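Enquirer: Attaching a predicted model along with its sequence, questions to come.
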Amino acid sequence: MKVLDTINSPSDLRRLNGEELDDLAAEVRRFLIDAVSRTGGHLGPNLGVVELTIALHRVFDSPADPIVWDTGHQAYVHKLFTGRTLAFSQLRQEEGLSGYPRRAESEHDLVENSHASTALSYVDGMAKAFQLKGERHRTPVAVVGDGALTGGLSWEALNNIGAGQGRPLVVVVNDNTRSYSPTVGGIASHLSVLRNSSTTGATTASSIFANLGLIYLGPYDGHDIGVLEHALRRARKLANQERRAVVVHCVTVKGRGYPPAEADEADCLHAVGVVDPATGRPAGPSSPTWTSTFGDQILDVAKRRPDVVAITAAMLRPVGLHKFATTFPTRVFDVGMAEQHAVTSAAGLAMAGLHPVVAIYATFVNRAFDQALMDVALHRLPVTFVLDRAGVTGEDGPSHHGMWDLSVLSVLPGMRIAAPRDPSTLRAQLWEAVNDDSGPTALRFPKANVGQDIPAVRRVGGIDVLAEGTSRDVLVVSAGAVAADCVRAAELLAGQRIGVTVIDPRWVLPVNPAVVRFARAHELVVTVEDNLRTGGVGAAVSQALQDDRVSTPVCNVGLEREFLQAGRRRDLLANAGLTGERLAEWIRTEWSARCGAVVGPHPYSVHDSDVEVAV
Ligand SMILES: Cc1ncc(C[n+]2csc(CCOP(=O)(O)OP(=O)(O)O)c2C)c(N)n1
Ligand SMILES: CC(=O)[C@@H](O)[C@H](O)COP(=O)(O)O
Ligand SMILES: [Mg+2]
């Protein structure tokens, strides 16, 4: 009988002896490598917290003592100890086990948001609630990575926690010196001083934590269960005696116990797809992605434009800036997991005469909305945002789908947003963006292989016509990477005698007036976007038609205003009606309902003269 098989709840951990605990740690590592190599997921981070999670659940009484995992990508071991071992075969799959804590899965799970640097704020709030409710026996615990400590929200929380007299809580700093790549900045340097204090003799009383009013304990070997338990018990006791926060600084190794992860200089196998467990390498062939296409093109831009610089928020390789950084190391800035600082420092770079490119995942630009609005757009600064993972991403679930960027950024005065449809358009539009010094620009593209180029039949008024119906029945306005599906839908509908013209505005927001003129010449307009239907391209097109008193009805196809759970991107897109077949089916239904019976081809077709007159 394996030890792991006997663990169904944290209380089962507390009856194990030292030898059984070591056996359990070894079994958990073998389980993680086997399970995650089959499904994909966060392998490196979870291998690094095996002993820490054992010790946490032996010392603290979850959920009475709530344990909050910052970012949540390192909670697999926590899930193994809270009754979900069997569900790992469905990790990160639709209707399966979430790759992050999920409240519906367990009473031990609290925070589902995988946006970093929030755990300290949560536990500050919890500690205040326990104090007000007189629940003195409950001690909230935040597990925060060294990377998550580089996010500004962490320090807003520490500022409050440091003043939290009468509010016991424990902060576990999981210091493995890495975010994806090595953690950067003054905080990383300070943690290094603290890590080495036991050998250098530097006093930890001067730690930033102690200076903020927290009790600092450490550093401790994050892989020695006995040491960790002793430290956590001491911290819990001190926090409740002194009625204030205690920091436990644990030094861990990302990917611990799995040589392919420990040796992976890129990111210690931070997030993997399906891999060969023997090597940690991808099991299948890799194809060019939107990210790699961007990464090659930004390097080409950098070679020809010395004023172009780039910024990443601790995701140099995931956003494709590593080639730029290798070639021009002084012109790429990793600011840590600090998207707000990334954007406002970009404003500073632009004010000083450079053209910054801020490369971040679409979902994380939400965090820097005010900086984009008030620091970049208000000053009409030439900052280019490159938003990777825009739209449905897939297995990372609700807080990783990049489904809000078009809606969020559409309200910025002067912001121009491009949604490239294929690799050639991406390359061209990146140049158009960095050549535009009139104000902020943004490009957005999905987490997907980049596919083939989709040629335009012709370009009219800055708009690419991708398909033309034999009659002016339906106008499809395609935003970005959904173009292939829109063209496919037009092909299917042509066979049902419904004429569909597909246009790609390229720069999708604000709405090109030529779109309105195309709409005027059709019976029905359908907008298609891998973004919220609320406030996205469709909403803007509807608004533009109303403003121009064009009565052509508009239907918006996109994502509903709800949180999308995890699943394969193609399945989630199909569920949202964002595939060629589903679009054709939907358009046919709308056409029949709004425009009467399906009619034959009109006596004329849409030619330049028609549209140019209209346009
Ligand atoms: C606001 C935000 N920015 C970026 C990310 C992407 N991201 C996920 S995990 C991670 C690195 C986390 O480093 P750390 O906190 O040290 O945890 P570790 O993986 O080392 O355990 C990053 C950059 C995120 N989840 N949230
Ligand atoms: C937890 C986190 O935010 C990242 O690790 C994310 O899971 C990576 O997503 P990609 O795999 O799409 O790069
Ligand atoms: Mg780390």
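Expert: Yep, it's here. Since the model is a prediction, treat every value here as computed from it, not as a measurement. Ligands and ions are numbered 1, 2, ... in the order given.

Enquirer: What separation do you get for Thr279 and Ile33?
Expert: Per CB to CB, to the nearest Å, Thr279 is found 11 Å from Ile33. (C-beta placed from N, C-alpha, C; glycine too.)

Enquirer: For these two, indicate the residue with more neighbours.
Expert: Counting neighbours by other CB atoms under 10 Å for Thr279 and for Ile33 shows that Ile33 has the greater number, 22 against 11.

Enquirer: Please give the element, helix or strand, for that one.
Expert: If you go by DSSP states H and E, Ile33 is part of helix 18-39.

Enquirer: Report all helices and strands that the helix or strand following that helix contacts.
Expert: Secondary structure here is assigned by DSSP H and E; on that basis, the next helix or strand after helix 18-39 toward the C-terminus is helix 43-47. Secondary structure elements in contact with helix 43-47, counted by 3 or more CB pairs under 8 Å, 6 or more residues apart in numbering; DSSP states H and E, are helix 18-39, helix 259-262.

Enquirer: export the helix holding Ile33 as CSV, just CAs?
Expert: Provided in CSV are the C-alpha atoms of helix 18-39 (Å, rounded to 0.1, in the frame of the first residue of the first chain):
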residue,chain,number,x,y,z
GLY,A,18,9.2,10.7,9.7
GLU,A,19,10.0,7.8,7.4
GLU,A,20,6.4,7.6,6.1
LEU,A,21,6.6,11.4,5.4
ASP,A,22,9.8,10.9,3.4
ASP,A,23,8.2,8.0,1.5
LEU,A,24,5.1,10.2,0.8
ALA,A,25,7.2,13.0,-0.6
ALA,A,26,8.9,10.6,-3.0
GLU,A,27,5.6,9.1,-4.0
VAL,A,28,4.1,12.5,-4.7
ARG,A,29,7.0,13.5,-6.9
ARG,A,30,6.7,10.3,-8.9
PHE,A,31,2.9,10.9,-9.2
LEU,A,32,3.3,14.5,-10.3
ILE,A,33,5.9,13.6,-13.0
ASP,A,34,3.7,10.8,-14.3
ALA,A,35,0.4,12.6,-14.2
VAL,A,36,1.4,16.0,-15.4
SER,A,37,3.5,14.6,-18.3
ARG,A,38,0.3,13.0,-19.5
THR,A,39,-2.0,16.0,-19.2
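
Enquirer: Could you give the separation of that helix from the chain centroid?
Expert: Its chain's C-alpha centre and that of helix 18-39 lie 28 Å apart, by CA atoms, centre = their mean, to the nearest Å.

Enquirer: same question, stretch 252-270
Expert: 22 Å.

Enquirer: What mean pLDDT does it get?
Expert: The predicted model gives stretch 252-270 an average pLDDT of 97.

Enquirer: what's stretch 257-269 in contact with?
Expert: Stretch 257-269 is contacted by residues 26, 29, 33, 43-44, 47-48, 50, 176, 178, 180-181, 253-256, 275, 279-281, 317 when judged by CB atoms under 8 Å, 6 or more residues apart in numbering.

Enquirer: end-to-end on that stretch?
Expert: Chord length of stretch 257-269, first to last residue, is 12 Å (CA to CA, to the nearest Å).

Enquirer: what about it and ligand 3, touching?
Expert: No: between stretch 257-269 and ligand 3, judged by CB under 5 Å from the ion, nothing touches; the nearest distance is 9.0 Å.

Enquirer: buried set for that stretch?
Expert: When burial is assessed from 16 or more other CB atoms under 10 Å, stretch 257-269 yields the following buried residues: 257-258, 260-262, 264, 267-269.

Enquirer: and if you look at stretch 418-436?
Expert: Neighbour counts over stretch 418-436 (16+ other CB under 10 Å) mark 418-423, 425-427, 429-430, 432-434, 436 as buried.

Enquirer: So what does the residue lying closest to Ile417 once chain neighbours are set aside have for phi and psi?
Expert: With CB to CB, 6 or more residues apart in numbering as the measure, Leu509 is the residue that lies nearest to Ile417, at 4.2 Å, once sequence neighbours are left out. Phi and psi for Leu509, reported as degrees, to the nearest 10, are phi -140, psi 140.

Enquirer: correct me, but Leu509 touches Gly414?
Expert: No: taking contacts as CB atoms under 8 Å, Leu509 lies outside contact range of Gly414: 11.3 Å.

Enquirer: And the two? Which one has more around it.
Expert: Legend: neighbour count by other CB under 10 Å for Leu509 and Gly414, higher for Leu509 (23 against 15).

Enquirer: so who does the more buried one touch?
Expert: Contact criterion CB under 8 Å, 6+ apart gives 406, 409-410, 415-417, 537, 540 as the residues in contact with Leu509.

Enquirer: Next one: it, what pLDDT does it get?
Expert: 98.

Enquirer: again, but for Gly201
Expert: With respect to pLDDT, Gly201 has a value of 65.

Enquirer: The one 5 residues further on now?
Expert: Ser206 carries a pLDDT score of 85 in this model.

Enquirer: With Val615 instead?
Expert: The per-residue pLDDT of Val615 was computed as 36.

Enquirer: I'd guessed Gly162 sits against Ala245; true?
Expert: Yes: counting by CB under 8 Å, Ala245 is a contact partner of Gly162 at 7.2 Å.

Enquirer: which regions of the stretch 101-250 of the chain sit below the pLDDT cut-off?
Expert: Regions of the stretch 101-250 of the chain meeting the criterion pLDDT under 70 cover residues 199-204.
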